[in-house]
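Participant: return a 3D structure for these sequence lines:
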Amino acid sequence: HHGRNELGHLHHLLALNISAPPDLAEEAPLQAAVDAVRAMGGEAVICHPYWHGCTCADLMGLEGVLGLEIYNHDCEVSVNRGDCSMVWDDLLARGVGWPAIAVDDAHFHRPDFLGGYTNVKARELSVEGIMDGLRNGHFYASGGPEIYDVRFEDNQVVVECSAARRI
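Facilitator: A predicted model of the protein is given here:
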């Protein structure tokens, strides 16, 4: 939790690939937290912005972010605020092209697991392989189907995936 958004709520930040939390005050600006995580060799993801009332305006100008959590299954199950794609769309329309992340954020005291995930294409199943895949954008977020292949064929986008009602 770092810095506060326009509504006064603390930002939530996921720090990947660090061994300890950065030495920052909870009220430190969000950019300072992102910078601290990156200085430690990690990557920062903005978590569930809709859940805590974070808007596009709160995030504009932020640099060094790996991605934006556009779906959080615990937030969906607990308060029906798991879908953050509207914040992502707003950012994309303004030229902020952060990749999408999806998670369970499972706390296991309610059925808040197996609803969201980020699939990473990694050269090997290791921390280094996963981080390399994330840093190079070799991943996708999903709350449903697993994507096997995407290609452009005969002026159409063709998607092969696991059984799904919609993608």
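Participant: all contacts plus neighbour counts: C-alpha atoms, from now on.
Facilitator: OK.
Participant: residue boundaries of the strands in the protein?
Facilitator: Here the chain has its strands, by DSSP state E, at 2-4, 10-11, 13-16, 43-46, 65-72, 100-103, 117-120, 139-142, 147-153, 156-161.
Participant: now do the contacts for Pro22.
Facilitator: By CA atoms under 8 Å, 6 or more residues apart in numbering, the residues touching Pro22 are Ala33, Ala36, Val37, Met40.
Participant: relative to His9, how far out is the third one?
Facilitator: Think Val37. As defined by CA to CA, to the nearest Å, Val37 lies at a distance of 21 Å from His9.
Participant: beta-bridge partners for the most centrally placed residue in the chain, please?
Facilitator: Central residue of the chain (CA atoms, centre = their mean): Glu69, 2.6 Å from the mean position. With DSSP bridges as the criterion, Glu69 is bridged to Ile101.
Participant: okay, now the unreliable bits of the protein?
Facilitator: 1-2, 106-108, 112, 167 (pLDDT under 70).
Participant: still on that earlier bit, more neighbours: which of Val37 and His9?
Facilitator: Val37 (25 against 14; other CA atoms under 10 Å).
Participant: ok, the more buried one to Val45 distance?
Facilitator: For Val37, the distance to Val45 (CA to CA) stands at 10 Å.
Participant: ok, Ser142 next?
Facilitator: Counting by CA to CA - Ser142 and Val45 are separated by 16 Å.
Participant: Phe152 now?
Facilitator: Taking CA to CA, one finds Phe152 at 30 Å from Val45.
Participant: looking at those two, which has the bigger crowd around it?
Facilitator: Val45 (21 against 9).
Participant: which strand residues bridge the more buried one?
Facilitator: Under the criterion used (DSSP bridges), Val45 bridges to Leu14, Gly67.
Participant: start the count at 58 instead of 1 going forward.
Facilitator: Sure thing, new numbering starts at 58, so read that last one as Val102.
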